[in-house]
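Visitor: just need the structure, nothing else, for what follows:
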Amino acid sequence: MSRSLDRVSRLGWVVLLLLFMLPAILPFGRPGYFWNANDARHDAYFIFEYDRALQYGDLYPRWLPDVTFGYGYPLFNIYAPLAVMVGEGFHLLGLGFTQAVEMVFVVSVVLSGLMMYGFLSALLNPWAALVGAVAYVYAPYHLLDMYQRAAMAESFAFVWMPAVLWGVRASVHRAGWRSVVGLSVAYAGLMLTSNLVAVIFTPFVAGYALVELARWAGRSWQEWIRRVVPPLVGGVAGLGLSAWFWVPALLEFKYVNQAQWYGGYYDYHHHFVYFFQLFSPHWGFGISVPGPNDVISYQIGVVVYLLALGGIGAAFLARGGEWPWQGRYWAGVAFFATFLTTAASVWWWEHVPGVAFAQFPWRYLMLTVVSSAILVGGALVFPLPSGRWRWAVAFGLAVLLVLGSAAYLRVEVVEPLPEQGPVGLPALMRFQASEDEMTGVTIFAREIPHWSGLAEIMVHGQDVPTRVEFGHVQRDPGLDVTLLEYHGSWERVLVEARGEGHVLVFNVQMYPGWTAYIYDEQGKRLERVLSWQDLGVTGPYGLVSVPLPPGRHVVELRFADTWPRRVGKGVSLVTLLGMLAVGGWRCFRRFREDAGE
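Guide: Got it, this is the predicted structure:
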């Protein structure tokens, strides 16, 4: 009976949490779209491009053909795709592209709150979990990510960070197969949502795992091994499940122009947070700028800050239990993460590998949000006298947290300018031209394009029928080209090369994976395969050029898998099959044991 009552009580806390999250969701219900938010256009066009690739039959497009004015870019080879895939799922259900983006944010709000509640209820108690989860949802930087930055991937990463911590704790304490699988799925989800956040967060996850394992240090070495292995296996399995993405991302990132990611405006020296900004209630809409006069806010949040101090105090005042060690660790994370946002940490940015991967120092506020929410929950670590008191205190503090951020619960809905929307090829071309965005180039390009003949076609709402550079063909009297098939990431043409030394140039940037297949005139017998290392590079934009043998041939240019992509896929497949095999074996053993009874 008591167990059923406990379940009802926990369900009540979850329902109350869902009600408290409604104000954070409602701003996305306004008609229109927040076109001026930092990445709002990127979000919509990422989903748009993913959808176009699906229409061509490409289930996972590593190459987006329409960006960079039609020269293409390997975005999803180096940029984690899960949030975009979720958005595409909503689009396939009938929502428009901008509505799909808003639904991704809605889902991220709900799931992030539930994941933090699940972690804190395992660590502390249900009423502390409620307050900590509300603090997590309404922390100003979390709201900034959604309403002002429209950082879809980073916002969705807020779902996985507490889920990973929950998985670490469960795998250490229960050391069961379910907890290992939960940790592996959560860590893979984080890596596939934002490899940037995963890199930043992983060292602190490792630190948390050591804190959890420390309590078992005095036990036998057999017990120690039994506690160490599950979180280690779960983390490695998470890496294995996501290897199809991160292995090529890691090994092929060097082939893109990294100055576009880290130089110029993105130079971290221009984006440190000033100390007063951490406590300033200022709230506006815009982008990060050098100096102290940022329009947007980098505040911790006064209510979150004060309650987190209560959690730190509890870590030093509580006697026994887990919270003293846990609270002190998360206090350290909160202080260190906040320190990394300020100019005082410049030595760390310049000398410690991995720190500068965040691009912007204020990105470390995401760790401040995670640790502060846990500390807020820790403020309620002390047992309350009765159920009624628990409900009253938790409810009051949750209300206070919502009211503390109430002034920030808004999105800036505007009508789209011609370079913003409606979502489609014309607006995408205008967006790239007016903002110099989504114009990434590879290391094979000497210049960044500012327009192209392909863009001239697409800005009028037409699809390009081919990526063949016919200007080059017209300048070569010994070369004739006839179009056969075009499918976004691959194309087939019939060529006639009269003599030696002819090349066929395509309006696509060179990047590992582009492969030319040369067939006979009927397109049946494969005569030659040219990998990307065998192909040439033409012009200032690093376009692919295929050396042609004399005679008539069918030439197919395709964005194929490279060895890092094949290795990554293989590792993920082996990991998945291994997990299914172990899970199946456990189910079979349990079935036999039950049958034996």
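
Visitor: and residue 119, how many neighbours does it have?
Guide: Using other Cβ atoms under 10 Å as the criterion, residue 119 is surrounded by 28 other residues. All C-beta spots, glycine's among them, are computed from the backbone N, C-alpha and C.

Visitor: give me the nearest residue to it, chain neighbours excluded.
Guide: Across the structure, with Cβ to Cβ, 6 or more residues apart in numbering as the measure, the residue nearest residue 119 apart from its sequence neighbours is residue 166 (3.9 Å).

Visitor: pretty sure the one you found is in a helix, no?
Guide: Yes. Residue 166 sits within a helix when classified using DSSP: H, G, I helix; E, B strand; the rest coil.

Visitor: thought it was touching residue 121?
Guide: No. Counting by Cβ atoms under 8 Å, residue 166 sits too far from residue 121 to count as a contact (9.3 Å).

Visitor: okay, and the common contacts of these two?
Guide: A shared contact of residue 166 and residue 121, defined by Cβ atoms under 8 Å, 6 or more residues apart in numbering, is any residue touching both; here there are none.

Visitor: where do the strands sit along this protein?
Guide: Listed from the start of the chain, the chain has strands (DSSP state E) covering 479-486, 490-497, 503-509, 514-519, 526-530, 536-538, 543-547, 551-559.

Visitor: save those as TSV, and put in mean pLDDT and distance to residue 178 too.
Guide: Written out in TSV, the entries for the strands of the chain read as follows (pLDDT from 0 to 100; distance: least, Cβ to Cβ, whole Å):
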stretch	mean pLDDT	distance to residue 178
strand 479-486	94	48
strand 490-497	94	42
strand 503-509	96	45
strand 514-519	96	43
strand 526-530	94	46
strand 536-538	95	51
strand 543-547	96	48
strand 551-559	96	39
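
Visitor: quick one, which of those strands is nearest to residue 382?
Guide: Nearest to residue 382 among the strands of the chain is strand 551-559 (58.9 Å), distances taken as Cβ to Cβ.

Visitor: so where's the chain shaky on pLDDT?
Guide: Regions of the chain meeting the criterion pLDDT under 70 cover residues 1-9, 217-218, 221, 383-387, 593-597.

Visitor: show me the domain layout of it.
Guide: For the chain, whose domains are defined here by automatic domain parsing, the residue ranges read 2-31+79-408, 470-560.

Visitor: for those domains, give me TSV that also has distance to residue 580.
Guide: Written out in TSV, the entries for the domains of the chain read as follows (distance: least, Cβ to Cβ, whole Å):
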stretch	distance to residue 580
domain 2-31+79-408	10
domain 470-560	28
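
Visitor: out of those, nearest to residue 569?
Guide: Residue 569 lies closest, by Cβ to Cβ, to one member of the domains of the chain: domain 2-31+79-408, at 4.7 Å.

Visitor: where along the stretch 351-500 of the chain do the helices fall?
Guide: Using DSSP state H, counting those that start in this stretch, the helices found in the stretch 351-500 of the chain span residues 365-378, 387-404, 425-435, 453-458, 470-474.

Visitor: and those as TSV, adding mean neighbour count?
Guide: Converted to TSV, those look like this (neighbours: other Cβ atoms under 10 Å):
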stretch	mean neighbour count
helix 365-378	29
helix 387-404	17
helix 425-435	20
helix 453-458	18
helix 470-474	14
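
Visitor: as CSV, those with distance to residue 351 would be great.
Guide: Putting those into CSV (distance: least, Cβ to Cβ, whole Å) gives the following:
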stretch, distance to residue 351
helix 365-378, 20
helix 387-404, 37
helix 425-435, 34
helix 453-458, 42
helix 470-474, 47
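
Visitor: which stretch among these comes nearest residue 73?
Guide: Proximity to residue 73, assessed across the helices of the stretch 351-500 of the chain by Cβ to Cβ, is greatest for helix 425-435 (10.7 Å).

Visitor: what does the closest one rub up against?
Guide: Taking Cβ under 8 Å, 6+ apart as the criterion, the residues outside helix 425-435 that touch it are 41, 45, 48, 66-69, 416, 418-421, 437-439, 450-451, 455, 458-463.

Visitor: filter the residues you listed down to just the buried residues.
Guide: Among the contacts of helix 425-435, those scoring as buried are 41, 45, 48, 66-69, 416, 419-421, 438-439, 455, 458-459 (criterion: 16 or more other Cβ atoms under 10 Å).

Visitor: check contacts around residue 378.
Guide: Taking Cβ under 8 Å, 6+ apart as the criterion, residue 378 is in contact with 124, 128, 132, 310-312, 314-315, 323, 326-327, 330.

Visitor: now neighbour count and distance to residue 192 too, for those, in CSV please.
Guide: Conversion of those to CSV gives the following (neighbours: other Cβ atoms under 10 Å; distance: Cβ to Cβ, whole Å):
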residue, neighbour count, distance to residue 192
124, 23, 29
128, 29, 30
132, 33, 26
310, 16, 36
311, 30, 31
312, 19, 34
314, 20, 36
315, 21, 34
323, 23, 33
326, 24, 28
327, 25, 31
330, 29, 26
